[in-house]
Every structure is written in structure tokens, then in C-alpha cells.
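Visitor: here are the coordinates; sequence isn't available:
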């Protein structure tokens, strides 16, 4: 493993620890408003300054990191599990195979961002912020199954034509055992690779929804809604420290991409 | 040698950029402004959007014009006019020798034709509603025309401030009786307006107006780009400046950022009182309670909103009309003070109690409601958490939901599936224009759309007062009636008025003759007098 990948792992671990335990050490609540200090400069009282309505930026960033770092992998797991359940159907024989293939293609062609806007608009208005966050990431998890499913279906198709599978069948090994003992180890590395692709994609997707004002609702912070302020260049010029979540997002993305490009065996 | 040439070329390019592409010492005679999108129509009688209205204003001659700085009605194409005492009839005497920009004479027949076109149902002109009432139009000479309504027509003289006198045929639409005529249009880029050589107005030294040769109206949907272009010297006016940009503009170009005081607009919130909304009956009961609405209003710190969200460039609202609207504002109304104790007292009188876990109504329901607003509006996105936090102090749980604008409108006007909304209300200068909001049967009766009959005695009283508005020819009688409407609106608070953001604009320091006003079009309403020095 190169030093770059080691550094990436160290940074990701540090960010994950900050996300999990940081809020306990946050100087203030993420929603506490210091109206005497809107857009305050970074300093002793507020480490990273305050936002436009006087909320401590450092505390909000810690909570936001928890939401994005914890829920994006959770959504990725949902997508992978769904894909693993659907892909074998698409790799089977008979009418099911083309039906699943067409369904997957349709799902890949859908403009999800618009569907998200519609779905978000249709959610009950009195959904609590916590539930709304879970719904947003759950929707992303459910909507994101198609890509990994296509990859898994191709991998299963390749396995079906392999010599070892024919040999296992010829030896009379039951299908369940073939799936668990022989096929799964092959699929596991593919699933891990897909997981590493989906996590940054979901973090960015939440950020995009946040930019549209449709992601995590107030007063809960997320990287998405913290980045929302970047839509207004005058705010950025006046309070450049609001770029911090962008810097953090870029660093995390680079780390994830660095690990994502690593050989499978090295990471495993 | 080559290197030196390259350095010189770069320096030239930089110099050109720094001066907005103009050579040093060059006398400018083109005004550069911008609109948010392509005009939907160049027919002055078919204007339905702000962009078309800007082009309409700059290219149209009107009979009379409201001086935006003094609010006085001044003669334009009409040399004089006379209104009957009952407000039903108005007679105009036109200036002699008027011509459109294409040399066609302009006389009373053009005014008659314009008015008949505006009133023609086949034309479906937005002016039809304004001039509705089937007036009798009589042309008594080439210069004299009388318009007579069967009943009183409130604000009849001021209506002609907006009516552009158009030439006889559609083919001549490019011809104008205003200071400029439409000369070129590139979709998505610009509309070019050229000086009308036949414009009637002259200055005191006898020089024909307008002073400017042309106006380049850039189509620029991005407000931040508009400000950048202004700072680079590529635009001369930013008609609406955001508070966050004000200080930057002032720092970069001292004296160019102008604050005109409170604007006509008001940021406000209201509750859904319509029985057609899919709300639990007990929630609707809260929203229909004046004490509940009053408590919410008392508990919101308007001064904090003005200071924190707008950086001090907003003022707490006193009621439905901004103090900027000097004639119609009811000066006896004052902004409601921030008073959590009084708010709790009002709630207690309605049976609400503070318990562990928050405020509950008399039946024990926890007080929780959603507040929707449109995503992408920085001010409202920042205002909502302040309101949420203020109301949390009373024990109310407010769920802030940002929606895209179309979804929001759909909930407000079709499904009625909302509880409270935070939005800006467009306040017109004359209350006759907002009758639809106040009449219980009005299409824009925001809190209870299209009531069949007034739901409350105070709404019935507002209906009576609005009828006086609609039928009285006397401005003073109308003012008295509308003062009472404002008083009722503040007592009952069907709409909770929060702040009037300041009207901010930026004007290039070398542009002279401007008299910016909060009334639209705020900066170029006297475009014929603008000049560069």
C-alpha cells in the first residue's frame, strides 16, 4: 500500500471519528443562534466563525459531517443489497432476464433529480427533520440500485460460463452452496468496489439536493445545506470561511477516489 | 521584441477590460441596463412580464405620467386634462404636432384606437381589466378626447400613466411616441433601443430630449453577474441590489450604491384558514383564531430579522402598506413590538398551555405546524430558522420546508395542502390593484382563497370598504376607507407582515439626472433626462 493510500485512510478515519464523536465535543448546539454575532469572523469564541444567522459554523460542520458520512454509506448499502437481490433474476433464464434488463435500463434512464424534487415536494410537510433526512438518503439508496445491479448481472453471467461453476454443478453441489461458498466470494469484491463508487456519489447527491434547498431541512445541518450558501457569491466574499465544508467535501472525495482506484486485494 | 509586443497586447486588453471596453476620454451616450429574461412580447398592449414592461416603459409615450419622486401626476403627450367631480369622466387635450418615431402624426384618433384595442376582448390585453367598465370614448377634435364611464372609476387619471399610445397598425409597432424606439433584438443577448428623433420633450435650453442616443438592455438572468458587470463598468444601473452586495458595490465604487429606504414589498407569513385544505379541524381552529395569529406575530422578533438577515437594510413592517407608499400608508400604525410574554398571554386566553414537551391547545394537541417557503431565496431561507427559533420559545414546533416555487404555488392555489407560508407579497402603489387580496371573494385572498361569503364579520367589513374603494371617485374617500382596511388587517392579522426590505440600487457615478424612487421603474423612470458627464 502506497503512502498516499495510507494517508487517505488516516484522513477518512479521522473524519469518521469526528463525525461519530465530534458532536459530543461541539462547543454549541448546531441550532443555537447568537443573534449578536451574525457572520462572525473565526476566532476564540467561534472557531470557524458563524453563519449568517449567528450559528457556530464549527459545531454545525461536526453535525453535518456525521449526517453525510454516516448516512451516505448506509444508502450505498441499501443500493448494493437491492442490486444483489435483483441481479440474479436478470442473470437467469426465460422471460425474467429481458424483463429485468429493460426495467434496469428504464431506471438508469430516469432523470432522478427531478423525481427527487417531486418526491420531496410530496412528502408530508410535518415530517420531522430527522425522518426527512432518513427519507432523503433512503430514497437515494432505493433509487441507486440499477448501476450495481447491471454490474452484478454481468459478473453473474460471466460466472455461469466459467469452468469452475460447470465443474461444481457436475459434482452435484447444491445451488445454495454454490452461491454462498463459490459465487459470493467473487461478487464480494465487486460489491465492495461498487460501494466505494456509490458513497461519494451519494454524498455529492445530497449536496446537490441541499443546493436546491431540498435536502436536509432546517435547522439540521448537512454538507449539502452548508454548501447551499455558496450559491450566493457575495456571502462567500464576505464570509470566506463558509468554504470549509467544500474543502472537507473535496478532501473526502479525493480520499475515497484514491481508495477506489486501489487494487481490490490491497484494500481487502 | 516579440515578448515586448505580447506584454503590450496584454496591457491593452487589461486596459480595455478595466474601462468596460471604452476608450479613455470617450463620451458615452448609451445607457446599459439589464432585464432578467427575454421579453415575452414587444406589443406594448400585451405586456405580462417584467422584462416586457421595461421595454414597454422605455419605448412608450403616455398621456400623463406619475412623477415617481413626488407622486404628482404630470402632463406628457396630453398637454392638459380634466376629471369630472364624480370621477367618471376624463378629458385630455393633446399637444399639437406630436409624431411617432416613424414620422406618423399622433392625434386623438390614436388614443381612441389604443383604448379600443386595450378593451377589445379579442385582444385579451392585460389593460382590459384596468380600463374595464365599457367607457364611452368621444373624439371631439384632433387634439381632444373624452372618456366617460357610467359609474365612478377610482384612480382614473393615474390609470393613463400605464397606457402606451400605440400606432395604427401592428407593422408600425416599432414606432414609438416615447423617448426611445425598439431597434434591434437578439434573443438571449440584448434588446437595443434607439433615440426617438420625434420625441416632443425639450429641456429648458431648448435641447431636444432624450440626452442619450441609445439604451442597451442586456438579457441577464443572473443577478450576481449583473453586479459583476456593474463593477467592471459594463453596466450603468443595477435596479435591484441585494443587501449582501450593497457594501461591496459601495466599497468598489463609492457613491454608486443607493439605499432608497423601505421598498413597497413586504416579507410576510400567513396561515391556511381555508376549509378546503386537508388539515385536521383542530389545527384549522388555531389558524382561524385571531389570538393565535396575534401571539405568533408578537413572538417573532422583526428587528432581529431586519438586522440579522438583511444586515440592517430592512425595517419592521407596520402593516399591509409600506411607509414608502406615502399617500396610502396609514401613519397611525406602528410595527408590533417583540413581546413573548404578551404572546403567551394571548395564547393562554385561548386555552393553550405550556407543558413538558411544548405548547398544547385546550384539547391537549401539541402545537406543531409546517412553514413552507421557496428554496433558493437566501433571505427567506435565513428568515425561516429565526422564526422557528422565536416560536420554539413559546413551545411551538415549526417544521421549515423549502420547496421549489411551482410546488409551493400548487399547494397555495390548488391543493391548499399547507399550514403556514413565508413569502413576499407584491404590493402595488394603488390599493385598487390589490382588491383581489382583500375582497373575501378575491382570487388572491391568500389565507382563504375564493370565499363564497365572508367567513368573519371583519372580512365582511373589509368587503364593504373595498366596495367604497371600487366605486368612489374621490381619492380622499378611498384613502379613508383603505386606512380602515389596514387597521383591521393589523388587528386581525390574517397576514403577518414581517419586514419591508430596503430598496437598494446601484447607479454609475458618471450617470447624471437620476431621481431613484421605490416605485417602479425605480431608476430609469425619467430616462429622457439621464445623461453621462
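Guide: Alright, I've got the coordinates. Model, not experiment: these values are computed from the prediction.
Visitor: mind listing the strands for the stretch 101-250 of chain B?
Guide: B:136-139, B:144-148, B:180-186, B:190-195, B:214-219, B:237-238 (DSSP state E, counting those that start in this stretch).
Visitor: how far does the fourth one sit from the chain's center?
Guide: Relative to the centre of its chain, strand B:190-195 is centred 24 Å away, using C-alpha atoms, centre = their mean, to the nearest Å.
Visitor: what's the answer for the second one, then?
Guide: Shown here is strand B:144-148, whose average C-alpha point lies 30 Å from the average C-alpha point of the whole chain (C-alpha atoms, centre = their mean).
Visitor: and for residue A:78, the neighbour number?
Guide: Other residues near residue A:78 number 21, with proximity taken as other C-beta atoms under 10 Å in any protein chain shown. Where C-beta positions appear, they are placed from N, C-alpha and C, glycine not excepted.
Visitor: what strand or helix carries it?
Guide: Using DSSP states H and E, residue A:78 sits in helix A:57-91.
Visitor: what is the neighbour count of the closest residue to residue A:232 other than its chain neighbours?
Guide: Leaving aside its sequence neighbours, residue A:232 sits nearest to residue B:378 (C-beta to C-beta, 6 or more residues apart in numbering or on different chains; 5.2 Å). Neighbourhood size, residue B:378 [other C-beta under 10 Å]: 19.
Visitor: what residues does the stretch 201-350 of chain B have near chain A?
Guide: For the stretch 201-350 of chain B, the contact set with chain A under C-beta under 8 Å from any C-beta of the partner chain comprises B:224, B:227, B:242, B:244-245, B:247-248, B:301, B:304, B:307-309.
Visitor: by pLDDT, give me the weakest of these.
Guide: Of all these, residue B:244 has the smallest pLDDT value, namely 81.
Visitor: and it, how far from residue B:257?
Guide: In this view, residue B:244 and residue B:257 are 12 Å apart by C-beta to C-beta, to the nearest Å.
Visitor: before we move on, back to that, where does the residue nearest to residue A:232 land on pLDDT?
Guide: We have a pLDDT of 81 for residue B:378.
Visitor: equivalent analysis for residue A:121, please.
Guide: pLDDT for residue A:121: 68.
Visitor: count of neighbours near residue 242?
Guide: Since you didn't name a chain, this refers to chain A. Neighbour count for residue A:242, taken as other C-beta under 10 Å: 23.
Visitor: that answer is for a different chain, and I need it for chain B
Guide: The number of residues near residue B:242, taken as other C-beta under 10 Å, comes to 20.
Visitor: correct me, but it touches residue A:231?
Guide: No - Residue B:242 lies out of contact with residue A:231 (C-beta atoms under 8 Å); the separation is 11.9 Å.
Visitor: distance check, the closest residue to residue B:166 other than its chain neighbours against residue B:528.
Guide: Spatially, and ignoring its direct neighbours in sequence, residue B:166 is nearest to residue B:114 (5.2 Å; C-beta to C-beta, 6+ apart). As judged by C-beta to C-beta, residue B:114 and residue B:528 stand 21 Å apart.
Visitor: where along the stretch 401-533 of chain B do the helices fall?
Guide: B:405-410, B:435-438, B:457-471, B:475-492 (DSSP state H, counting those that start in this stretch).
Visitor: over to chain A?
Guide: For chain A, the helices defined by DSSP state H cover A:3-25, A:57-91, A:96-109, A:112-122, A:129-143, A:146-160, A:163-170, A:175-177, A:184-211, A:223-227, A:233-238, A:244-260, A:264-267.
Visitor: turn those helices into a markdown table, columns for distance to residue B:231.
Guide: Output for the helices of chain A, formatted as a markdown table (distance: least, C-beta to C-beta, whole Å):
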| stretch | distance to residue B:231 |
| --- | --- |
| helix A:3-25 | 38 |
| helix A:57-91 | 28 |
| helix A:96-109 | 43 |
| helix A:112-122 | 33 |
| helix A:129-143 | 38 |
| helix A:146-160 | 44 |
| helix A:163-170 | 68 |
| helix A:175-177 | 70 |
| helix A:184-211 | 25 |
| helix A:223-227 | 25 |
| helix A:233-238 | 11 |
| helix A:244-260 | 24 |
| helix A:264-267 | 49 |
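Visitor: what's around the residue of the stretch 151-300 of chain B found nearest chain A, how many residues?
Guide: The nearest approach of the stretch 151-300 of chain B to chain A comes at residue B:244, 3.7 Å away (C-beta to the nearest C-beta). For residue B:244, the tally of surrounding residues (other C-beta under 10 Å) stands at 24.
Visitor: check contacts around the closest residue to it other than its chain neighbours.
Guide: In this structure, residue B:244 finds its nearest non-sequential neighbour in residue A:234, 3.7 Å apart by C-beta to C-beta, 6+ apart. Residue A:234 is in contact with B:224, B:227, B:242, B:244-245, B:248, counting by C-beta atoms under 8 Å, 6 or more residues apart in numbering or on different chains.
Visitor: thanks a lot, catch you later.
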